[in-house]
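Chemist: Need coordinates for the below:
(2 chains)
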Amino acid sequence: MAEKITINPVTRISGFMEIEADIENNIVVDAKTKGLMFRGFEKMLIGRAPFDAIYFTQRICGICSSAHSIASALALESAMDFAPSEQGRYLRDIVHGCEFLQNHLRHFYQYTLPDFIKLPENYPLFKTDHNDYRLPKNLNDKMVEDYFASLALSRSAHQMLAILGGKAPHNHGVFIGGITASATIDKIIALKSILDQIEQFINDKMIPDVFKIGEYYSEYYHIGRGYGNLLSYGCFNNYKDLGTLYVDPLVYSNNTITPFHEDEISQGNENAWYDDNDEADIQKPQAYSWIKAPRYNNLPFEVGPLARQWLCGDYRNGISTMDRTIARVLEARKIAKIMKELIAHLIPDVSVQEEYTVPEKSMGSGLTDTTRGALGHWLSIENQKIAFYQIISPSAWNLSTQTANIKGTGEQALIGAPVNSVDTPVEIGRIIRSFDPCVSCATHVFCNGQHRNIIQVV
Amino acid sequence: MSAESFQCPYQESKLKSTANLVARAQSEIMSEKLEKVNLVWLELNGCAGNIISLLNGLNPDFQYLMTQMSNFLYSNSLLAAEGSEAMDELFNVIGSTFILAVEGAVSLKDNGVYNIIGRQKEHAVTGLEAVQKLGENAAYVIAVGACAAHGGISAARPNPTECVGVHEVLQRKVIQLPGCPCHPDWFMGTLAYIMLYGEPPLDSRNRPLMFYSTTIHDRCPRRSYFDQGIFASKLGEKTCMFKMGCRGPVTRIDCPIRQWNGHVNWPVEDDSPCIGCAQFGFPDAMEPFITFNTTRGEQGWQKK
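Modeler: Residues are numbered from 1 along each chain as shown, chains lettered A, B, ... in the order given. So this is what the prediction gives:
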């Protein structure tokens, strides 16, 4: 007989999530991942001034706000048929890199590590009810130290972001053309200096820490695989002079890597709380989440650091909970290296800004990979106002709901996993956190009858 | 007169207000005059960006807050525990003396089901229910960020989930720290003030005067350009951005002197207009955020 367990809240993620799992003989036989918050950004955006979307959409997410500003700026540039200068792209991508570093440091130390190390219990924030902590005391103590030491580095990553972007979270710098301000030499040297400290921490602490975790929790190399379908829209790529520094738009499925095609994306909602017109419908009987079901070629895909590391060829050890966690840490090192290269190619004091005009009528799309994976913004403009806006976020891919008999990626990763104690099912949180869930980003609605097929003709 | 005598003492003391209050609170804790406070950080319908901003705090930093100033009891983003154990920790605080910090708006539609923050056995706990239970029992309630203070972006038109600020669902005073996000100093300074002296002096809308007394425009380093009528026509220029939509003239907050992220920059210094994120009415009343070739009023989004 299957026993049903529910975890709510799944803490140490952004936003609110519940996991329901059926356990039989200590194995997960069925699972549902549920996004339990909804605000309706796509509806709010209709009628607003198009340029405002860059600042407005950042408020979707507090930990990856820059990602939305970048996807939104790309979508507007595409609607305006405007190509930013290479200097503009470098500056904007450096801002994006700061967000990666901030996110990966916080996700590894503040969100992931408490699943594997015992934090000092005299602080109420750190109390837990399970005992599966395996590190010897000296190693555990060292990682507690790194948990706290990391706070200064993730803060510095946001400080770098503010040097170019005004403030963080919710930056002011990212805009059409690149960023608002120019990079003066004092800013450039400040970026280099801070980046150097972060890179040292990644090499000296973060990478050894994650491999130690892998050593003591080695079964997680075989748990939480999911479908093994990987997808990226590409990022830090296709520069005129520098080529691709990270990853191009690619897809991995059935042991084959193929180029990504935007028109293969579709999105279902049969088990999400939306009616046939995509209006929010909390009464819908079979629905269990606010997260829809993006599919590529009708299949669910995993997006994020492991997908990128795999597709670019940097890391192909395997697809699992531990590989996902390791890939995120290795990606932090990669991003620091890319940022150094971009900073080295900055020309000081170049303003990339112009006077822009909102098109009367147009459509655009902005697709980029970001911290958690593939992020897309689609918009249309009518009478110089936003007439339609759609966002498909990385966590919508990773935490998608079931369509027909196809489970979402995260659900599939849970199925088959062992659970030693149904009272303290620590394994489930470990698996799902390896995807770095962001429910704030994943739950959306778009309006009346219009949907992304309209956008596909762009 | 020496050059130093021209420095404004007011600006200097404002900048140090948070650090001074925190240092004083710490010395009183050490001399056992003051107890660490119980602090609950409740996330509701929002982006969870205020806890991220709090993690960006510097002097005091987050480690100092959680180890020296407070018993930090709950945060959905940081709590090691999960599931029903986490919910128990949250609601067990009732009965003790605690300060409730809330970020995110309260969703009212359909009794709050658009924002489920946890589950107690079969019962799904809404943000509305949690903030009412905890809010009525807290010693102080602090609304951290725009959404908690007045609905913010979560309540942007057409406000699909009927979001409101925390004070709308509580029969008590709520200290308001609007801003998107809230600057870590605004929160840390308010908390330290409460620990040392009780409720800080507030304006008529319950914002602490020590942070919200003066508009951005009054202390803007580009004010002389405004006074002389020299206006920027695109971003990236170093003159006044009033005609591009800067909301500094109506936004009461100390960004020009406090600045952000370790005091390295702020929106106007970054050659972009203030969008009024710390003012009531954000975002709808502050739009459009950025306009070219126009003066404000011709393109308001409400105007069809």
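
Chemist: how would you label the residue of the stretch 101-250 of chain B found nearest chain A: helix, strand or coil?
Modeler: Nearest residue of the stretch 101-250 of chain B to chain A (C-beta to the nearest C-beta) works out as B:P160 at 3.2 Å. Heads up, the C-betas are built off the backbone N, CA and C, glycines and all. In terms of secondary structure, B:P160 is coil; the call rests on DSSP: H, G, I helix; E, B strand; the rest coil.

Chemist: which ones are touching it?
Modeler: By C-beta atoms under 8 Å, 6 or more residues apart in numbering or on different chains, the contact list for B:P160 reads A:F38, A:R39, A:G40, A:K43, A:M44, A:A280, A:V445, B:K109.

Chemist: shaky segments in the stretch 101-250 of chain A?
Modeler: Nowhere does the stretch 101-250 of chain A drop to pLDDT under 70.

Chemist: Quickly check: stretch B:183-192 near chain A or not.
Modeler: No - applying C-beta under 8 Å from any C-beta of the partner chain, one finds stretch B:183-192 separated from chain A by no less than 8.6 Å.

Chemist: and the closest residue to chain A within chain B, how many neighbours?
Modeler: As assessed by C-beta to the nearest C-beta, chain A sits closest to B:G49 within chain B, at 2.3 Å. Applying other C-beta atoms under 10 Å in any protein chain shown, we find 29 residues neighbouring B:G49.

Chemist: Grab the nearest non-local neighbour of it.
Modeler: Once flanking residues are discounted, B:G49 sits nearest to A:G62: 2.3 Å by C-beta to C-beta, 6 or more residues apart in numbering or on different chains.

Chemist: Show the backbone phi and psi for that neighbour.
Modeler: Dihedral pair for A:G62: phi -80, psi -20, per degrees, to the nearest 10.

Chemist: dump the residue contacts of it.
Modeler: A:14, A:169-170, A:440, B:46-53, B:181 are the contacts of A:G62 under C-beta under 8 Å, 6+ apart.

Chemist: and if we set it to 6 Å?
Modeler: For A:G62, the contacting residues are A:P169, B:C47, B:A48, B:G49, B:I52, by C-beta atoms under 6 Å, 6 or more residues apart in numbering or on different chains.

Chemist: B:A143 too?
Modeler: Applying C-beta under 6 Å, 6+ apart, we find B:A143 in contact with B:V102, B:A149, B:V166, B:V174, B:Q176.

Chemist: top of those by neighbour count?
Modeler: Compared across the contacts of B:A143, B:V102 has the highest neighbour count, 32 neighbours, by other C-beta under 10 Å.

Chemist: which residues does that one contact?
Modeler: Neighbours of B:V102 in contact, by C-beta under 6 Å, 6+ apart: B:L42, B:V131, B:A143, B:A148, B:V166.

Chemist: Over to A:H68?
Modeler: A:T57, A:Q58, A:I60.

Chemist: burial count for the last one?
Modeler: To tie it back to what came earlier, the one meant is A:I60. Number of residues near A:I60 (other C-beta under 10 Å) recorded here: 26.

Chemist: List the buried residues in the helix or strand hosting A:Y147.
Modeler: Taking DSSP states H and E as the criterion, A:Y147 maps to helix A:137-165. Of all the residues in helix A:137-165, those buried under the rule 16 or more other C-beta atoms under 10 Å in any protein chain shown are A:139-140, A:142-144, A:146-148, A:150-165.

Chemist: Output the residue ranges of the helices in the chain, listed in chain order.
Modeler: This is for chain A. Ranges of helices within chain A are A:41-45, A:53-56, A:65-80, A:86-106, A:137-165, A:185-201, A:207-216, A:305-311, A:321-344, A:394-398, A:409-414, A:426-433, A:439-442, A:452-456, based on DSSP state H.

Chemist: oops, chain B please
Modeler: Taking DSSP H, the helices of chain B run over residues B:9-15, B:17-30, B:49-55, B:62-64, B:83-91, B:127-137, B:146-150, B:184-197, B:209-212, B:223-228, B:255-258.

Chemist: Quickly list what A:P259 is bridged to.
Modeler: Using DSSP bridges, the bridge partners assigned to A:P259 are A:L250.

Chemist: In terms of pLDDT, where does it sit?
Modeler: Predicted confidence (pLDDT) at A:P259: the value is 98.

Chemist: Same question for the one 4 residues further on.
Modeler: Here the pLDDT value assigned to A:D263 is 95.

Chemist: Give me the neighbour count for it.
Modeler: When neighbours are counted by other C-beta under 10 Å, A:D263 registers 10.

Chemist: what about it, distance to chain B?
Modeler: Noted for A:D263: a distance of 29 Å to chain B, by C-beta to the nearest C-beta, to the nearest Å.

Chemist: Now for residue 94, how many residues are close by?
Modeler: In the absence of a named chain, chain A is used. A:I94 - counted by other C-beta under 10 Å - has 27 other residues nearby.

Chemist: my bad, the chain I had in mind was chain B
Modeler: For B:I94, the neighbour count with other C-beta under 10 Å is 13.

Chemist: who's in contact with it?
Modeler: B:N137.

Chemist: Look up how far B:S53 lies from whichever residue of chain A sits closest to chain B.
Modeler: Using C-beta to the nearest C-beta, the single residue of chain A nearest to chain B is A:G62, 2.3 Å away. Distance of A:G62 to B:S53, computed by C-beta to C-beta, to the nearest Å: 8 Å.

Chemist: Could you tell me which residues touch both of the two?
Modeler: Residues within reach of A:G62 and of B:S53 at once, by C-beta under 6 Å, 6+ apart, are A:P169.

Chemist: who in the stretch 151-300 of chain B is up against chain A?
Modeler: Within the stretch 151-300 of chain B, the positions adjacent to chain A are B:153-154, B:156, B:160-161, B:180-181, B:234-236, B:260-262, B:264-265, B:267, B:270-272, B:275, B:287-290, B:292 by C-beta under 6 Å from any C-beta of the partner chain.

Chemist: No more questions from me, cheers.
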